[in-house]
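Asker: Okay, predicted coordinates and the sequence, questions at the end:
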2 protein chains.
Amino acid sequence: MSLSRPPSGERAGVPGEAVERCRRLLEPALREAVAGLHPWSSRMAGYTLGWSDADGRPQAGDGGKGVRPALALLAAEAVGADAAAAVPGAVAVELVHAFSLAHDDIIDHDERRRHRAALWKAYGVGPALLTGDALLALAVAQLATAPEAMRLLSAALTELVHGQSTDMAFENRPWHGPHAVTLDEYTRMAAGKTGSLLGAAAALGVTLGGAPRELADLMWEMGRDLGVAFQITDDVLGIWGDPAVTGKPIHSDLRRDKKTLPVLCALAADGTAARDLSALLAAGLGDEDAIGAAARLVEEAGGRAHAQALADHHLAAALRALDTHLPHATELRALCTSLTTRTH
Amino acid sequence: MSLSRPPSGERAGVPGEAVERCRRLLEPALREAVAGLHPWSSRMAGYTLGWSDADGRPQAGDGGKGVRPALALLAAEAVGADAAAAVPGAVAVELVHAFSLAHDDIIDHDERRRHRAALWKAYGVGPALLTGDALLALAVAQLATAPEAMRLLSAALTELVHGQSTDMAFENRPWHGPHAVTLDEYTRMAAGKTGSLLGAAAALGVTLGGAPRELADLMWEMGRDLGVAFQITDDVLGIWGDPAVTGKPIHSDLRRDKKTLPVLCALAADGTAARDLSALLAAGLGDEDAIGAAARLVEEAGGRAHAQALADHHLAAALRALDTHLPHATELRALCTSLTTRTH
């Protein structure tokens, strides 16, 4: 059964073009919302959104991929609505994303983000923390009086924070034994931490586009699968991505014992490489040589290939949901596919 | 014109008893909500709410005054509803309050809170930050599908964060000259930082009790006045309160050049003490002797008396609003009055 109405106009467009079109629709509304913050927070928000440098000078910078708002806007179009209907949802998910990055970088002590100093590194922990709070409050304000939309945003917030807590708790878990993180636990963590906001974006898009709750809930699940695929891709790029392209330091996840999927998959394998990796992790990855060796062993043990296969599996599930319920959503489908073939 | 319906039952009770009765109504719902968090966050939330020590052992500790939930519950009763109707609002405002304390202590580097280590001091900045986020997400979830209530909670969040940003920006402002903080700016900051959540509490109480938006908006304004009076009382206790009672280090606001009202009032006065204070602040409060001398000069210049008069003025405005619109709300009135006569 397809719950979709025919789209208002089929567009062939490659995802880059669609995302760019969405960005042009989003940006005025996002800028207007951010302009309502306290001038201090507004300036810091402008920095973290890539609109200005740390001194507040306008900059045509890298404001991120704009994936979440694009998902919302294209989902609204996919149910036959004008994308404009979903703009408040698109603004809200982009603000929640910016909030989560501002706080995550403090939590993880990450000093770099999108080829620049992280917000806390540029302005200090206190101001960055408060800016994150301001972005979150602003996100909530976009949808406060739209209960169906607010239900989705609130669920995403709850799951996002739960997923982040799980991820943080993973760092204190061992690589081995009965308390080791399982692939299933990883999947649930990624579905929360990364999938919830993608799911909310797609669900908000169809909801604000006038679709029934049933379709919103299906899109929520679609987004969670997409999020797992997206997070696995992030994990892979965190080990083998080019720092010049990703904008993040190489091997930072390995350096802090983060339970990323390629490593979990490698350890779950049999063979010499898996055993050598296991011994290396047990001894602790003290220096760059050890970290580099660990990355090689993860690949040798099949961790990279297994992780990629799992990403493909979750992407396929997401695409099946789209093909079943929104079969004419060409651009939305292309956007989803692009998320796991990206290089940054 | 009074918009109130007759209260369900007049109670004479002193505020302590009413607050205790409200706490008994609040706590099961609050505990149930917190139990839904990630176990890590739940444990840290239990610590910050005074239910357990840092190792998670149950404790009959000081969980704070419970003023905000009591305001919400007594406001519902004041419009003739059962207090139970306002429990989701009471839970939400208490969670927002706990969120703001968790983040404020990180921002202000405050190491003590309610006679114990601050949350970040007990668990680290990252976990405390994330716990704050979890508390905020949980607050939003309480009211997500109740648009009238969510409108109030969202407005409170926006104003709360705006007020905190203003307060933070004040720390970089000079004590003198055209860029000095004015009494009017202080009042707006306090109305946001402290008044918005008190206003939301009272407004949520009457809203969830079935009153029209008109009364909610009047209670919102009532709470903002109450918040200004509350914040001034806090400022006064921050200088002259007994650390053994307040649970905070003495003179900490003076130590970090915080623009508190008694000091602003003292500087606005004429006379020797005001001029001496001015010179002392210009030279910088380097040691404990200088800080003690500054506190004495603030009092000598009339800063304490002026601040107290302004607190009384704002409390009177709040009480006038109550007497006009909810003339039978004896307990609510007593609670409001108690907020500016407290010692901690």
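Answerer: That came through, no problem. None of these values were measured; they are calculated from a predicted model.

Asker: count of neighbours near A:A29?
Answerer: By other CB atoms under 10 Å in any protein chain shown, 17 other residues sit near A:A29. Bear in mind the C-beta positions are built from the backbone N, C-alpha and C, glycine included.

Asker: ugh, typo on my part, it should be A:V245
Answerer: 12.

Asker: and it, what pLDDT?
Answerer: pLDDT for A:V245: 78.

Asker: Tell me how far the residue positioned nearest the centre of chain A lies from chain B.
Answerer: In chain A, the centroid-proximal residue (CA atoms, centre = their mean) is A:T194; its distance is 4.6 Å. Distance, A:T194 to chain B, using CB to the nearest CB, to the nearest Å: 16 Å.

Asker: so who does that residue touch?
Answerer: Contacts for A:T194 (CB atoms under 8 Å, 6 or more residues apart in numbering or on different chains) come out as A:G163, A:G227, A:V228, A:F230, A:Q231, A:D234.

Asker: Pick the one among the residues you listed closest to B:A203.
Answerer: For the contacts of A:T194, the minimum distance to B:A203 (CB to CB) is 32.8 Å, reached by A:G163.

Asker: okay, now the closest one: neighbour count?
Answerer: Residues lying near A:G163 (other CB under 10 Å) number 24.

Asker: and it, that's in a strand?
Answerer: No: counting by DSSP: H, G, I helix; E, B strand; the rest coil, A:G163 is not found in a strand; it is helix.

Asker: In terms of pLDDT, where does it sit?
Answerer: Value for A:G163, per-residue pLDDT: 97.

Asker: swap in A:R5?
Answerer: In this prediction, A:R5 carries a pLDDT score of 36.

Asker: Doesn't the residue nearest to the centre of chain A belong to a helix?
Answerer: Yes: under three-state DSSP, A:T194 sits within a helix.

Asker: Sort out which residues of stretch A:326-340 are buried, please.
Answerer: Within stretch A:326-340, the residues that count as buried by 16 or more other CB atoms under 10 Å in any protein chain shown are A:326, A:328-340.

Asker: Stretch A:266-286 too?
Answerer: For stretch A:266-286, the neighbour count (16+ other CB under 10 Å) marks A:A266, A:L267, A:A269, A:A273, A:A274, A:D276, A:L277, A:S278, A:L280, A:L281, A:L285 as buried.

Asker: For the first one, what is the enclosing helix or strand?
Answerer: When secondary structure is defined using DSSP states H and E, the element that contains A:A266 is helix A:261-268.

Asker: got it, and the fourth one?
Answerer: With elements taken from DSSP H and E, the one containing A:A273 is helix A:272-283.

Asker: And the next helix or strand past that helix?
Answerer: Downstream of helix A:272-283 (by DSSP H and E), the next one is helix A:288-300.

Asker: what comes into contact with that next one?
Answerer: Helix A:288-300 is contacted from outside by A:239-240, A:251, A:254-255, A:262-263, A:266, A:273-274, A:276-277, A:280-281, A:283-285, A:304, using CB under 8 Å, 6+ apart.

Asker: give me the subset of these touching chain B.
Answerer: When contact is defined as CB under 8 Å from any CB of the partner chain, the contacts of helix A:288-300 do not meet chain B at all.

Asker: For the residue nearest to the centre of chain A, give its distance to A:R224.
Answerer: 9 Å (CB to CB, to the nearest Å).

Asker: cool, and A:D105?
Answerer: Separation of A:D105 from A:R224 (CB to CB): 24 Å.

Asker: Settle it for me: which of those two has more neighbours?
Answerer: A:R224 (26 against 22).

Asker: ok, so what distance separates that one from chain B?
Answerer: 17 Å.

Asker: Check A:A137 too.
Answerer: From A:A137 over to chain B the distance is 4 Å, taken as CB to the nearest CB.

Asker: same question, A:L215
Answerer: A:L215 is 18 Å from chain B, by CB to the nearest CB.

Asker: what does A:T260 give?
Answerer: Using CB to the nearest CB, A:T260 is found at 18 Å from chain B.

Asker: Now for the residue lying closest to that residue once chain neighbours are set aside, how many residues are close by?
Answerer: Leaving aside its chain neighbours, A:T260 sits nearest to A:D235 (3.9 Å; criterion: CB to CB, 6 or more residues apart in numbering or on different chains). By other CB under 10 Å, the residues close to A:D235 number 26.

Asker: Kindly report the same for A:L25.
Answerer: Neighbour count of A:L25, defined by other CB under 10 Å: 18.

Asker: three-state assignment of it?
Answerer: Of the three states, A:L25 takes helix under three-state DSSP.

Asker: hang on, isn't it packed against A:P88?
Answerer: No: with contact defined as CB atoms under 8 Å, A:L25 does not count as touching A:P88 (11.9 Å).

Asker: follow-up on the earlier one: present the buried residues of stretch A:326-340 as TSV; the columns should include secondary structure.
Answerer: Formatted as TSV, the buried residues of stretch A:326-340 follow (three-state DSSP):
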residue	secondary structure
A:L326	coil
A:H328	coil
A:A329	coil
A:T330	helix
A:E331	helix
A:L332	helix
A:R333	helix
A:A334	helix
A:L335	helix
A:C336	helix
A:T337	helix
A:S338	helix
A:L339	coil
A:T340	coil
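
Asker: Chain B: which of the residues you listed is nearest?
Answerer: A:L339 (24.5 Å; CB to the nearest CB).

Asker: who does the longest helix along chain A touch, helix- and strand-wise?
Answerer: If you go by DSSP state H, chain A has its longest helix at helix A:213-240. With contacts taken as 3 or more CB pairs under 8 Å, 6 or more residues apart in numbering or on different chains; DSSP states H and E, helix A:213-240 sits against helix A:147-170, helix A:183-190, helix A:196-208, helix A:252-255, helix A:261-268, helix A:288-300, helix A:303-325.

Asker: where along the stretch 1-150 of chain A do the strands fall?
Answerer: Assigned by DSSP state E, counting those that start in this stretch, the stretch 1-150 of chain A shows strands spanning A:112-113, A:116-117.

Asker: Can you tell me the closest non-neighbouring residue to A:E94?
Answerer: Distance criterion CB to CB, 6+ apart; nearest residue to A:E94, sequence neighbours excluded, is A:P69 at 4.7 Å.

Asker: Show the pLDDT at the one you found.
Answerer: In this model, A:P69 is scored at 97, pLDDT.

Asker: Could you pull up the residues touching it?
Answerer: A:C22, A:R23, A:L26, A:L30, A:A90, A:V91, A:V93, A:E94, A:A201.

Asker: Likewise for A:A200?
Answerer: Going by CB under 8 Å, 6+ apart, A:A200 touches A:V93, A:V96, A:L152, A:L153, A:A155, A:A156, A:W220, A:G223.

Asker: how does it look with 6 Å?
Answerer: A:L152, A:L153, A:A156 (CB atoms under 6 Å, 6 or more residues apart in numbering or on different chains).

Asker: If we ignore the residues flanking it in sequence, what's nearest it?
Answerer: Of all residues not flanking A:A200 in the chain, A:A156 sits nearest, at 3.5 Å (CB to CB, 6+ apart).

Asker: A:A18 now?
Answerer: Leaving aside its chain neighbours, A:A18 sits nearest to A:E331 (4.3 Å; criterion: CB to CB, 6+ apart).

Asker: number of nearby residues for the closest residue to A:D253 other than its chain neighbours?
Answerer: Sequence neighbours aside, A:G238 is the residue nearest to A:D253 in space, at 4.4 Å (criterion: CB to CB, 6+ apart). Using other CB under 10 Å, A:G238 has 19 other residues around it.
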